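In: sequence and predicted model, in that order:
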Amino acid sequence: MAKLTQLIDNEVFLAYSTYATIVLLKMMLMSLCTAYFRLTRKAFANPEDAGVHSKGESAKKFLRTDPDVERARRCHLNDLENIVPFIGIGLLYSLSEQDLFTALLHFRIFAGSRFFHSISYLVPLPQPCRGLSFFVGFAVTLSMAYRLLTTALYL
Amino acid sequence: MAKLTQLIDNEVFLAYSTYATIVLLKMMLMSLCTAYFRLTRKAFANPEDAGVHSKGESAKKFLRTDPDVERARRCHLNDLENIVPFIGIGLLYSLSEQDLFTALLHFRIFAGSRFFHSISYLVPLPQPCRGLSFFVGFAVTLSMAYRLLTTALYL
Amino acid sequence: MAKLTQLIDNEVFLAYSTYATIVLLKMMLMSLCTAYFRLTRKAFANPEDAGVHSKGESAKKFLRTDPDVERARRCHLNDLENIVPFIGIGLLYSLSEQDLFTALLHFRIFAGSRFFHSISYLVPLPQPCRGLSFFVGFAVTLSMAYRLLTTALYL
C-alpha cells in the first residue's frame, strides 16, 4: 500500500484534492439554498411537499414556481455544468506532472470564480459580474485541458 | 504497470469503485425511467419525437409536460446533484488511506439512501421519507469531506 | 514521485485521459451554444441579463423562453446526465487493467456517439438518429461497468 500513500503525498494532487472538495461542498450548499427558498417562499414542485404545510385544496396553491427558487436552481445547475468538467479535467491534469505553482494558480482562480459567480447570481449583482466570473472559471478549465492534452495525448 | 495493480488491490479503493459504479448505474436507470414515462404518457419535449407517434397537426398535442415525466426528471436531476459530489469526494477520500470499515459504512449508507430517495420520489412516499433519505446521503458526503480535509489539506 | 509518472505512462489510462478531456470540452461547448442562442434569440432567464439589451419596461419582454434556447439546454443536460457516468465508470475501468484495444474501442465509440447526439439534437435530424446515438453511448458505459464489476467487486 506504500505506493498509494505517494499519490496523496504528491503536492499537486493534494492541492487538487483540497480545492475539488471545496468547490463540491460549495455546490452542495446550493441544494440547501434551494430548499431554504422553497420553504420561505412556500413554492414547491411536489404535492407531497406542499401538503406538509397545509392539507387539502389549499395545498395546491403552493405548487408554483417562484423567481427566487428558480434563480437558486439555475445557479445550482450552472455550478454542476462547470464544476463537473473542472473535477474531471483537474484530476487528470493533477496526475500529469504539472508545476505546483501553476496548478495552485489554476485551482485558486477557479474556486474564487465559482464563489463569486454564486454571489453574483444570488444577490444579484449587475452584469457583467456573473458573466465575467463564468468566463474566468471556463478559461481556467480550458487552460488545464490544453496543458493536459499537450502533456499526454493518446487518440 | 505493477504499481497500477496495487491501486485496484487496495480494498478501500476497490469498495469505492464498486459502490461508485452501482450509484452511477442507478442514476443511468433514471434516463430509461424518464423515457418510459415520456412514451407511456405521450408527453414529449421535441417535435421530432412527437412526430414519431403521429404526423402533422395532431403531433403538436404531444408536445406537453406531464406530472409523472417532470417527477422522473426532478428525481434524475437530484441524483446528479448528489452523486457528482459523492463520486468526486469519495474518490479522493478512498485515496487518502482511510479505515476500510468506516469507508464501507459511508459507501453503503450513501448507496442505500439514494436508492430509497428514488423510490420515495417515484412512488411517491409521504414526506419526510424523501427529505430524510436526501439528508442521510448529504451527511455521508459531508462526513467524507470532513475526514478527507482533516487528513490532507493544501490550500 | 516516480510512481505517479507510471500512472500517466499507462496507455489505457492515457487514452481515457484524452477521451475524457475531449467529451468534457464538448460538453463545455454546450454552455457557449446556449449563450449564443440566448443572445441571438434575445431570450433571457434573468432580469439583469435582459437589462443589458434595453432598459426599463421593454427589458421584460426579453424574459422569455425560446424553442432553440430550450433545445440547447436539454442537449446540455443530456450531455451532463450521460458524460458524468462515463467519466466516473471510465476512470475506474481504465484503472482496472483492461485490454488497450477494447478500452480504445469503448472510448472512441462513446465520444463519437456523444458528438453525433449533439448534432442530431441541434440540427435537428429526424428520429431515430438522436435516440440511437443516445443508446450507443449508454451501452458503452454499461459495457464498461460490466467489465469493471466482473474484474473488481467488493460489496
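Out: Right, received. Where do you want to start?
In: list the buried residues for stretch A:91-100?
Out: Residues of stretch A:91-100 classed as buried under the neighbour-count rule (16 or more other CB atoms under 10 Å in any protein chain shown) are A:Leu91, A:Leu92, A:Tyr93, A:Ser94, A:Leu95, A:Ser96, A:Gln98. From N, CA and C alone the C-beta is placed, and that goes for glycine too.
In: spatially nearest residue to the last one, not counting backbone neighbours?
Out: I take that to be A:Gln98. Once flanking residues are discounted, A:Gln98 sits nearest to A:Val12: 5.7 Å by CB to CB, 6 or more residues apart in numbering or on different chains.
In: does A:Ala12 lie in a helix or a strand, and which?
Out: Small correction: residue A:12 is Val, not Ala. If you go by DSSP states H and E, A:Val12 is part of helix A:11-41.
In: other SSEs contacting that helix?
Out: Where contact means 3 or more CB pairs under 8 Å, 6 or more residues apart in numbering or on different chains; DSSP states H and E, helix A:11-41 is packed against helix A:2-9, helix A:67-94, helix A:100-122, helix B:67-94, helix B:129-151.
In: could you rerun that using 6 Å?
Out: helix A:67-94, helix A:100-122, helix B:67-94, helix B:129-151 (3 or more CB pairs under 6 Å, 6 or more residues apart in numbering or on different chains; DSSP states H and E).
In: now for the ones you listed, which one comes closest to B:Lys60?
Out: Of all those, helix B:67-94 sits nearest to B:Lys60, with 17.0 Å by CB to CB.
In: could you name the helices and strands sitting against that closest one?
Out: helix A:11-41, helix B:11-41, helix B:100-122, helix B:129-151.
In: what comes up buried for it?
Out: Result for helix B:67-94 [16+ other CB under 10 Å]: buried residues B:68-69, B:71-73, B:75-94.
In: what's around the closest residue to A:Ile119 other than its chain neighbours, how many residues?
Out: With CB to CB, 6+ apart as the criterion, A:Ile119 has its nearest non-adjacent residue at 7.0 Å, and that residue is A:Leu125. Residues lying near A:Leu125 (other CB atoms under 10 Å in any protein chain shown) number 14.
In: and A:Leu125, what are its phi and psi?
Out: A:Leu125 adopts backbone torsions of phi -80, psi 150, taken as degrees, to the nearest 10.
In: tell me how far it lies from A:Gly131.
Out: 10 Å (CB to CB, to the nearest Å).
In: and A:Leu91, by the same measure?
Out: Distance from A:Leu91 to A:Gly131, by CB to CB: 27 Å.
In: quick one: contacts for the spatially most central residue of chain A?
Out: For chain A, A:Asp79 is the residue whose C-alpha lies nearest the centre (CA atoms, centre = their mean; 3.5 Å). Residues in contact with A:Asp79 (CB atoms under 6 Å, 6 or more residues apart in numbering or on different chains) are A:Met27, A:Met30.
In: return the distance of it relative to B:Pro85.
Out: 11 Å.
In: cool, A:Ala139 as well?
Out: Distance, A:Ala139 to B:Pro85, by CB to CB: 24 Å.
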